[in-house]
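S.K.: Okay, predicted coordinates and the sequence, questions at the end:
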Amino acid sequence: MSANFGDLYSSQLKNREIKEAKSNGSLRKINLRLIHEKYHHLLFFKHLYSYILPNNTNPFFRYISLYQVIEILMSFAFDDIYFSVISSYNTGACTKNELRERLQESTKEKELINRIYDNVSQTDPYYNDFIEAVKSLFVLMGKDSSKLNSFQDYMYTLRNMIIHEMRNLLEYSEEMTAIAECYEKLIFILLQDCKLDKNDKKGLFVLDKDYSWKINKRKMREVYNDI
């Protein structure tokens, strides 16, 4: 299965205006405008695979750089949830209070990450390899991981540790190098699964946006020849 974000980036939604007539005849209107274009983020992918990763061996930096892909997809997921909630409100499916609560819920990072992975198969052994590697790292550090139940949990927790507690991770650079290598492959797999919209047959991954999707596919597979 593949992750997709509906018709969010179709042109007809760029300046979409959602309207609903109340039962009393008055009009309730919410204007929505997307602030980014369909291919806006491909430039980052080009830099990530052409400049950032080839020129940096630090595992902490590599992990955070790769996590930027998740941040980008989280922004897609937020917009998708936003349109869905507003649509529900305009059709009378939820009240103002419910609207407010659901919009607040949609800003939570874990909610957005789970949205990304909702329809992504995690049967690839690299997912389990990543979980076991991070779990082993936490054991070495004496960190309790009993409340972590999914790949998303381990990925997000490690990201937070690098951002807020990297001083405690520095002596585990060898373990982090192995984790970052595994994570890099998982990001590549995710970018193969994610679609810009439900009708798109091509993955979101790109090595260089100046090349065709077919050439990008070949080049990426040359980099990750064991996937």
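M.R.: Yes, it's here.
S.K.: mind checking how far residue 123 is from residue 64?
M.R.: Separation of residue 123 from residue 64 (Cβ to Cβ, to the nearest Å): 27 Å. All C-beta spots, glycine's among them, are computed from the backbone N, C-alpha and C.
S.K.: Spell out the secondary structure type for residue 131.
M.R.: helix (DSSP: H, G, I helix; E, B strand; the rest coil).
S.K.: List the contacts of residue 60.
M.R.: Applying Cβ atoms under 8 Å, 6 or more residues apart in numbering, we find residue 60 in contact with 162, 166, 169, 176, 180.
S.K.: The closest residue to the second one other than its chain neighbours: which element?
M.R.: Excluding its sequence neighbours, the residue lying closest to residue 166 (Cβ to Cβ, 6 or more residues apart in numbering) is residue 60, at 5.9 Å. Applying DSSP states H and E as the criterion places residue 60 in helix 59-90.
S.K.: Following element in sequence after that helix, please.
M.R.: Criterion used, DSSP H and E; the element after helix 59-90 is helix 96-106.
S.K.: Could you list every helix and strand in contact with that next one?
M.R.: helix 59-90 (3 or more Cβ pairs under 8 Å, 6 or more residues apart in numbering; DSSP states H and E).
S.K.: List phi and psi for residue 118.
M.R.: phi -50, psi -50 (degrees, to the nearest 10).
S.K.: mind checking how far it is from residue 79?
M.R.: 15 Å.
S.K.: These two: who's more crowded?
M.R.: residue 79 (20 against 10; other Cβ atoms under 10 Å).
S.K.: sorry, back to before: selecting buried members of the contacts of residue 60 in PyMOL, what would you type?
M.R.: For the buried members of those, the matching PyMOL selection, counting by 16 or more other Cβ atoms under 10 Å, is:
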select buried, resi 162+169+176+180
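S.K.: Most widely separated two among the contacts of residue 60?
M.R.: 166 and 180 (13.1 Å; Cβ to Cβ).
S.K.: Give me the below-cutoff pLDDT ranges for the chain.
M.R.: 1-42, 106, 195-214, 216-217, 219-227 (pLDDT under 70).
S.K.: repeat that with 50
M.R.: 1-2, 4-29, 31-36, 38, 227 (pLDDT under 50).
S.K.: So residue 115 versus residue 49, what's the distance?
M.R.: Taking Cβ to Cβ, one finds residue 115 at 25 Å from residue 49.
S.K.: so residue 148, which of the three states?
M.R.: coil.
S.K.: right, and it touches residue 157 too?
M.R.: Yes. Here residue 148 lies in contact with residue 157, judged by Cβ atoms under 8 Å, at a distance of 6.1 Å.
S.K.: So which of those two has more stuff around it?
M.R.: Shown here are residue 148 and residue 157; by other Cβ under 10 Å, residue 148 has more neighbours (19 against 16).
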